[in-house]
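**Q** structure for the following, please:
(one chain, ligands or ions: 1)
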Amino acid sequence: MSDIEVRTAEAAEFEAVQAVFGGAMMFDATPDDLGRQLFEPERTLVAVDGGEVIGTTRALTRELSVPGAVVDAAHVTGVGVRATHRRRGVMSSLIGRQLREVPEAIAVLWASESAIYGRFGYAGAAWGIGYEIELHRVGPTNERIRPGELGELTVDDALKELPPLLRRLQAQRPGVSGRSDLGWQKHLQDKPDERNGRLARQILVHRDEAGTIDGYALWRGKMNWTATGPANEVNLEELVAPDPTAYRALWQHLLTMDLSAKLSYGYAAVDEPLQQLVSTPTALDRRLNESLWLRITDVPRALQGRRYVVPINVVLDVTDDLIQSNTGHFHLTADGDTVTCERTDAPADLALSITELGAVYLGGRPLTEFAATGRVTEQTPGTLNQTTAAFGWPVAPASLEIF
Ligand SMILES: CC(=O)SCCNC(=O)CCNC(=O)[C@H](O)C(C)(C)COP(=O)(O)OP(=O)(O)OC[C@H]1O[C@@H](n2cnc3c(N)ncnc32)[C@H](O)[C@@H]1OP(=O)(O)O
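**A** Numbering: from 1, shown residues only. Just a heads-up that it's a prediction; the model follows:
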């Protein structure tokens, strides 16, 4: 590490950053115009050896829904180190500096491997459910879809119509990342060489009785003809339907696609209502996946940024090996929209590290889970259950996209 310099990237280094990340992940990272426009060099760190970029990490400027609010969250991505420079502490230098420098009170990421980020105080804060639905077995309920309720949009129309629906979902569910106009363009980009043998993306929408779009699904089909007949595959990429009628109608349509045997979807929530809409939930073939990892970088600001499901008045003893200002006692009080979190000398009710605080931040994991292994300790009897209830949230967090 001694000869390796870690510094902020320059705009001209976009290609080098892409090449290092693509090489490390083993995908073709040919830069495109939208990717270039979304590049934030001032929020990218590079490790340089002999003038050559050999390691990278990026923080994207995006918002995230958290319990009861939408806040700024550093969306960390592009973490890669050239294979020739692995296991010499390059990533540790990059991630350590990034976490100390990001202005946001929380950072989030999708991990390529579970073993990487815990050492930096990140914790799995949301689970996701992957479906491999057997359409012949699942038995969708008989939803009547009236003519005109469903339609398709062009990308240009989708860029106007879909963003408000994602914002509505953010108001309902924690863990959902916001998208800028450019972010939407990138999300709806449909490069033929990235379709994995599937057809072009379909932008399916549902309209309410007044003709207003109140839900959408992004999906692709793939023809598969077997010796026994058609077995096409439907790949659902995203479904956003804050309105119950739209939610039911879109799923009903997708589950009954002609000639199709399978529907795959990777971003369902742990409490996904879909299971109520089918007669055989086991045919959903559900798999629990890791989804969003979260790291609190500023305890008082992060804890003040979200809401709590019941009033709370607790002193937390937090330890953080990487960010010293997060270590100490913090007095958290919350009652509805009035939330305060301040450093205090008062004795602590609960002791935990920054990792456990990150794990429970989105309301998807209970503090009691960590008390069971001694990672959270109760100093004042009764405060564990109260604090667990306050940090919980009625809707499970779910992240809709790998960024
Ligand atoms: C948010 C995202 O972008 S996710 C994408 C992450 N990137 C990838 O998976 C691409 C392929 N891998 C890589 O580029 C690199 O191997 C990285 C970035 C994962 C690690 O970079 P390195 O510079 O080798 O890590 P570094 O030397 O700082 O390792 C620090 C510690 O993490 C451990 N570690 C590093 N990578 C891994 C891994 N994949 N699995 C388990 N442990 C790991 C190291 O063993 C080391 O442990 P130690 O402190 O006990 O000795």
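
**Q** so who does Gln37 touch?
**A** Residues touching Gln37, when contacts are defined by Cβ atoms under 8 Å, 6 or more residues apart in numbering, comprise Leu182. In short, each C-beta sits where N, CA and C put it, glycine included.

**Q** how near is Thr84 to the ligand?
**A** Here the distance between Thr84 and the ligand works out to 11 Å (Cβ to the nearest ligand atom, to the nearest Å).

**Q** quick check: chain neighbours aside, which residue is closest to that residue?
**A** The spatially closest residue to Thr84, leaving aside those adjacent along the chain, is Ile54, at 7.3 Å (Cβ to Cβ, 6 or more residues apart in numbering).

**Q** for that neighbour, what is the enclosing helix or strand?
**A** Element membership of Ile54, judged by DSSP states H and E, is strand 52-66.

**Q** buried residues in that strand?
**A** The neighbour-count criterion (16 or more other Cβ atoms under 10 Å) identifies 53-66 as the buried residues of strand 52-66.

**Q** what does stretch 190-206 give?
**A** Residues of stretch 190-206 classed as buried: Arg198, Arg201, Ile203, Leu204, Val205, His206 (neighbour count, 16+ other Cβ under 10 Å).

**Q** which SS state does the first one fall under?
**A** At Arg198, secondary structure determined by DSSP: H, G, I helix; E, B strand; the rest coil is coil.

**Q** any figure for the gap between the closest residue to it other than its chain neighbours and Ile203?
**A** Taking Cβ to Cβ, 6+ apart, and ignoring the residues beside it in sequence, Arg198 has Arg220 as its nearest neighbour in space, at 4.0 Å. When distance is defined by Cβ to Cβ, to the nearest Å, Arg220 is 11 Å away from Ile203.

**Q** secondary structure element for the residue of the stretch 201-350 of the chain found nearest the ligand, which one?
**A** Here the residue of the stretch 201-350 of the chain nearest the ligand is Trp293; by Cβ to the nearest ligand atom that distance is 8.0 Å. Counting by DSSP H and E, the secondary-structure element that holds Trp293 is strand 292-296.

**Q** list the strands paired with that strand, with their directions.
**A** If you go by DSSP bridges, strand 292-296 pairs up with strand 106-110 (antiparallel), strand 123-124 (antiparallel).

**Q** would you reformat those strands as a markdown table and include distance to Gly358, mean pLDDT and mean neighbour count?
**A** What follows is the strands paired with strand 292-296, written out as a markdown table (distance: least, Cβ to Cβ, whole Å; pLDDT from 0 to 100; neighbours: other Cβ atoms under 10 Å):
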| stretch | distance to Gly358 | mean pLDDT | mean neighbour count |
| --- | --- | --- | --- |
| strand 106-110 | 8 | 99 | 24 |
| strand 123-124 | 4 | 98 | 20 |
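
**Q** in a markdown table, list those strands along with distance to Tyr267.
**A** Shown next, in a markdown table, are the strands paired with strand 292-296 (distance: least, Cβ to Cβ, whole Å):
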| stretch | distance to Tyr267 |
| --- | --- |
| strand 106-110 | 11 |
| strand 123-124 | 15 |
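
**Q** to the ligand, which of these lies closest?
**A** Comparison of the strands paired with strand 292-296 against the ligand by Cβ to the nearest ligand atom identifies strand 106-110 as nearest, at 3.9 Å.

**Q** is that closest one up against the ligand anywhere?
**A** Yes: Strand 106-110 comes into contact with the ligand (Cβ under 6 Å from any ligand atom), by way of Leu109.

**Q** list of residues touching that strand?
**A** Outside strand 106-110, the residues touching it (Cβ under 8 Å, 6+ apart) are 59, 64, 66, 71, 73-77, 79, 98-99, 117, 122, 125, 177, 291-297, 302, 305, 358, 361, 399, 402-403.

**Q** okay, the angle between that strand and strand 52-66?
**A** Going by axes from the mean of the first three to the mean of the last three Cα atoms, to 10 degrees, strand 106-110 is angled at 110 degrees with respect to strand 52-66.

**Q** gap between strand 106-110 and the chain center?
**A** From the chain centre to the centre of strand 106-110 is a distance of 8 Å (Cα atoms, centre = their mean, to the nearest Å).

**Q** isn't the residue of the stretch 201-350 of the chain closest to the ligand right up against Gly124?
**A** Yes: under the criterion of Cβ atoms under 8 Å, Trp293 makes contact with Gly124 at 5.7 Å.

**Q** name the residues contacting each of these two.
**A** Taking Cβ under 8 Å, 6+ apart as the criterion, Trp293 and Gly124 do not both touch any residue.

**Q** what does the stretch 101-250 of the chain put close to the ligand?
**A** When proximity is defined as Cβ under 6 Å from any ligand atom, the stretch 101-250 of the chain approaches the ligand at Leu109, Ala111, Ser112, Glu113, Ala115, Ile116.

**Q** and the helices in the stretch 151-300 of the chain?
**A** With DSSP state H, counting those that start in this stretch as the criterion, the stretch 151-300 of the chain has helices at 155-161, 163-172, 181-188, 244-255, 299-305.

**Q** next, format those as a markdown table and append mean pLDDT and mean neighbour count.
**A** Output for the helices of the stretch 151-300 of the chain, formatted as a markdown table (pLDDT from 0 to 100; neighbours: other Cβ atoms under 10 Å):
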| stretch | mean pLDDT | mean neighbour count |
| --- | --- | --- |
| helix 155-161 | 98 | 14 |
| helix 163-172 | 98 | 16 |
| helix 181-188 | 98 | 16 |
| helix 244-255 | 96 | 20 |
| helix 299-305 | 98 | 21 |
